[in-house]
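Asks: model the structure of this input:
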Amino acid sequence: MAHVAGCTGPLRRELEVNHITVTAKNGDIYLLRPIAPSDVPSLIRGYDAMSDQAKWFRMLHTVPHLTEVMARRFCSPDQDRDLCIVIVGHGSLQGEILGGARIAGEADGRRAEFSVSLRPEAQGLGLAHRALQMVLQAAKEMGYERVWGSIALQNMAMLGLARRLGFTLSPDLDDAALVHAEIDLMKMSTADEPRSKVS
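Replies: Numbering: from 1, shown residues only. Presented below is the predicted three-dimensional model:
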């Protein structure tokens, strides 16, 4: 099976129409939805709130600040091949983008690359796990067979998350500072996928 342009799946449609809520480790409820072009200012603020190390872990090279052009590109994923799920803040960060997970489909329609990022205020709450879990399920429904990503060798939190979700980790043959993570979506369990709707 391979991804077919225009193929979305029930989870992606639910995200787009109703959005989805998840419960963090502290009991707070957070809204997850697809990223939108209007998120550009919030995405820039969220990136600026990250530490230099977290920025490097996300980009795998030095990017001190997201320009508006870069942010617009991140906020306008290819609707046929890509998906970015963002976590929406509340309280003092009401409406702000706290982070999220994305996949970018490859031309062969079988593989997609993933990435994850979080503002410091959202770390330690299990939100990266829920967002990545959800984007993997959406990728499977879209017809992708495998999802992969490059993780910094020092990014222990992301390596641990990848292991818990069933990724296979191996040395990156092109860069000793990176780890190659890959998961076979055909073998991924979906029994614990969150599906809590809000209108």
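
Asks: residues of stretch 158-176 that come out buried?
Replies: Buried positions in stretch 158-176, judged by neighbour count with 16 or more other C-beta atoms under 10 Å: Met158, Leu159, Leu161, Ala162, Leu165, Phe167, Asp172. No exception for glycine: its C-beta is placed from N, CA and C like everyone else's.

Asks: now stretch 98-113
Replies: Buried, per 16+ other C-beta under 10 Å, within stretch 98-113: Leu98, Gly99, Gly100, Ala101, Arg102, Ile103, Ala104, Gly105, Gly109, Arg111, Ala112.

Asks: so how far is Pro77 from the fifth one?
Replies: Spelled out, that is Arg102. 7 Å (C-beta to C-beta, to the nearest Å).

Asks: check the last one too.
Replies: Summarising the geometry, the distance separating Ala112 from Pro77, computed by C-beta to C-beta, is 11 Å.

Asks: and what of the third one?
Replies: Between Gly100 and Pro77 the distance, using C-beta to C-beta, works out to 11 Å.

Asks: same check on Lys187?
Replies: From Lys187 to Pro77 the distance is 26 Å (C-beta to C-beta).

Asks: and those two? Which one has more around it.
Replies: Neighbours around Lys187 and Pro77, counted as other C-beta atoms under 10 Å, are more numerous at Pro77. The numbers are 17 against 7.

Asks: for the closest residue to that one other than its chain neighbours, give me phi and psi.
Replies: Among residues not flanking Pro77 along the chain, Cys84 sits closest, at 5.2 Å (C-beta to C-beta, 6 or more residues apart in numbering). With angles defined as degrees, to the nearest 10, Cys84 sits at phi -130, psi 120.

Asks: so Cys84 makes contact with Phe74?
Replies: Yes: between Cys84 and Phe74 there is a contact under C-beta atoms under 8 Å: 7.3 Å.

Asks: returning to what we had before: any common contacting residues for Ala112 and Pro77?
Replies: Common contact partners of Ala112 and Pro77 (C-beta atoms under 8 Å, 6 or more residues apart in numbering): Ala104.

Asks: tell me the contacts of the residue nearest to Ser115 when sequence neighbours are not counted?
Replies: With sequence-adjacent residues excluded and distances taken as C-beta to C-beta, 6+ apart, Ser115 is closest to Arg102, at 5.5 Å. Arg102 is in contact with Ile35, Pro77, Asp82, Leu83, Cys84, Ile85, Phe114, Ser115, Val116, Val135, counting by C-beta under 8 Å, 6+ apart.

Asks: recalculate using a threshold of 7 Å.
Replies: Pro77, Asp82, Leu83, Cys84, Phe114, Ser115, Val135 (C-beta atoms under 7 Å, 6 or more residues apart in numbering).

Asks: tell me where the protein has strands.
Replies: Per DSSP state E, the chain carries strands over the ranges 20-23, 29-34, 82-88, 97-105, 111-118, 146-152, 168-171, 178-184, 196-197.

Asks: re earlier: the residue nearest to Ser115 and Ala177: what is the separation?
Replies: For Arg102, the distance to Ala177 - C-beta to C-beta - is 22 Å.
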